[in-house]
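Engineer: sequence? don't have it. structure:
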């Protein structure tokens, strides 16, 4: 098992006995690539995409791993450990922990761009799920909470360079097409805020309160002309133009979260968590063309590097559901009993947490 191999590599590196041949061997990735699944109740599962089986695990040496990302060169896997207040930077090929970087309370969402990681953390978060909208609970309580922040981390030096102040309960992170801005969804005040990456200054606030509550996922189209943000308590998503104006609202299933375009930009995929479906929309008309049954608490998903399959992490079903990207039919279910949360691949693929640079 890969788990045993990773421990052996760490021991060998510690005493300086790892040979060049061993290092070269461990860096050889499967031709089809690998998927990495963060398990909130465990470690990182590694799925061999050629066989669609779990080939091993990686210990992030942190508690409650959630958000994760991969550098473009595949050198490092970056994991947010929510209960530890930091990230783990892991040598992807060997599973060796390179360093841990302290971030702040409740780090969750990770986006990697170049040698930088952007990590959301929430000082005021209780770590508990929000009350369901319409239950009578006071949805406005956390609007007075301390704003969440996005830590900008230099992965090479292993240090936080600065933080960007978002809104209360920042969730999703996306970059503008020109790389100048970062867009973040703020669950507790129904906004998407746009910030200059270089300075952290807020340049735009997009108020979504008229469209629905609790924006969560956000993704830029491949052509850079639009952004889509899901509204968990609006059962919808909004389409936002390149000028950061809302263009339309589109109805979805219940509690949409993870969202991603396919590589062509012709289809949009939305994980409707409580509906237990992956929904597929035609982006020319924004009409629903297919609903694929998944499982329970399926929040994040990714294409395989060859765009042939889609893997959906379903936490409460204890599995990763595999879907044929052409027929849009489930083809396999990979057991994972550690509360899977997020999933990315290397080589990098289109997905709700990542995309090729």
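Structural biologist: Cool, got the structure. Predicted model, so just to flag it, every value in this text is computed and none were measured. Residues are numbered from 1 along each chain as shown.

Engineer: what's the burial count for the residue nearest to residue 196 when sequence neighbours are not counted?
Structural biologist: Nearest non-adjacent residue to residue 196, counting by Cβ to Cβ, 6 or more residues apart in numbering: residue 203, 5.7 Å away. For every residue, glycine as well, the C-beta is placed using N, CA and C. Residues within reach of residue 203, counting by other Cβ atoms under 10 Å, total 12.

Engineer: if I look at residue 203, how far off is residue 195?
Structural biologist: The spacing between residue 203 and residue 195, counted by Cβ to Cβ, to the nearest Å, is 7 Å.

Engineer: ramachandran angles for the residue nearest to residue 196?
Structural biologist: The phi and psi torsions at residue 203 (degrees, to the nearest 10) take the values phi -110, psi -10.

Engineer: about what we covered before: shared neighbours, residue 203 and residue 195?
Structural biologist: With Cβ atoms under 8 Å, 6 or more residues apart in numbering applied, the overlap between the contact sets of residue 203 and residue 195 consists of residue 181.

Engineer: give me the low-pLDDT residue ranges for the protein?
Structural biologist: Judged by pLDDT under 70, the chain has its weakly predicted residues at 1-30, 124-145.

Engineer: cutoff 80 now
Structural biologist: Counting by pLDDT under 80, the low-confidence segments of the chain come to 1-31, 123-146.

Engineer: helices of that one, start to end?
Structural biologist: Under the criterion DSSP state H, the chain contains helices at 2-14, 20-27.

Engineer: show me where the stretch 201-350 of the chain has strands.
Structural biologist: With DSSP state E, counting those that start in this stretch as the definition, the stretch 201-350 of the chain shows strands at residue ranges 202-207, 215-220, 226-231, 236-241, 246-251, 256-261, 267-272, 277-282, 287-293, 298-303, 309-314, 319-324, 330-335, 340-346.

Engineer: what sits against the residue nearest to residue 170 when sequence neighbours are not counted?
Structural biologist: With Cβ to Cβ, 6+ apart as the criterion, residue 170 has its nearest non-adjacent residue at 3.7 Å, and that residue is residue 148. When contacts are counted by Cβ under 8 Å, 6+ apart, residue 148 is found next to 120, 121, 122, 123, 124, 125, 166, 167, 168, 169, 170, 186.

Engineer: next one: residue 291
Structural biologist: With contacts defined as Cβ under 8 Å, 6+ apart, residue 291 is in contact with 253, 275, 277, 278, 279, 280.

Engineer: out of those residues, which comes closest to residue 56?
Structural biologist: Top of the list for closeness to residue 56, among the contacts of residue 291 and by Cβ to Cβ, is residue 278 at 26.5 Å.

Engineer: spatially nearest residue to that closest one, not counting backbone neighbours?
Structural biologist: For residue 278, the closest residue by Cβ to Cβ, 6+ apart turns out to be residue 292, at 4.4 Å.

Engineer: I'd say that neighbour and residue 325 touch.
Structural biologist: No - with contacts counted by Cβ atoms under 8 Å, residue 292 stays clear of residue 325, the gap being 10.3 Å.

Engineer: about what we covered before: could you measure from the residue nearest to residue 278 over to residue 219?
Structural biologist: 18 Å.

Engineer: these two: who's more crowded?
Structural biologist: Neighbour count, other Cβ under 10 Å: between residue 292 and residue 219, residue 219 has more, with 26 against 19.

Engineer: for the closest residue to the more buried one other than its chain neighbours, list each beta-bridge partner.
Structural biologist: Distances taken as Cβ to Cβ, 6+ apart put residue 259 closest to residue 219, at 5.0 Å, once the chain neighbours are dropped. Per DSSP bridges, residues listed as beta-bridge partners of residue 259: residue 270.

Engineer: contacting residues for residue 259?
Structural biologist: Taking Cβ under 8 Å, 6+ apart as the test, what residue 259 contacts is 217, 218, 219, 228, 229, 230, 237, 268, 269, 270, 271, 352.

Engineer: and with 6 Å instead?
Structural biologist: Under the criterion of Cβ atoms under 6 Å, 6 or more residues apart in numbering, the contact partners of residue 259 comprise 217, 219, 228, 230, 270, 352.

Engineer: out of those residues, which comes closest to residue 61?
Structural biologist: Within those, proximity to residue 61 (Cβ to Cβ) peaks at residue 352, which comes in at 25.3 Å.

Engineer: how about the nearest residue to that closest one, chain neighbours excluded?
Structural biologist: Excluding its sequence neighbours, the residue lying closest to residue 352 (Cβ to Cβ, 6+ apart) is residue 258, at 3.3 Å.

Engineer: ok, the residue lying closest to residue 251 once chain neighbours are set aside to residue 192 distance?
Structural biologist: Nearest residue to residue 251 in three dimensions, chain neighbours excluded: residue 236, at 5.2 Å (Cβ to Cβ, 6+ apart). Spatial separation of residue 236 from residue 192 under the definition Cβ to Cβ is 14 Å.

Engineer: which single one of the contacts of residue 291 is nearest to residue 67?
Structural biologist: Each of these was checked against residue 67 using Cβ to Cβ; the closest is residue 278, at 19.9 Å.

Engineer: that closest one against residue 293, yeah?
Structural biologist: No - using Cβ atoms under 6 Å, residue 278 and residue 293 do not qualify as a contacting pair, with a distance of 8.2 Å.

Engineer: more crowded one of the two?
Structural biologist: Applying other Cβ under 10 Å to residue 278 and residue 293 shows that residue 278 carries more neighbours, namely 24 against 13.
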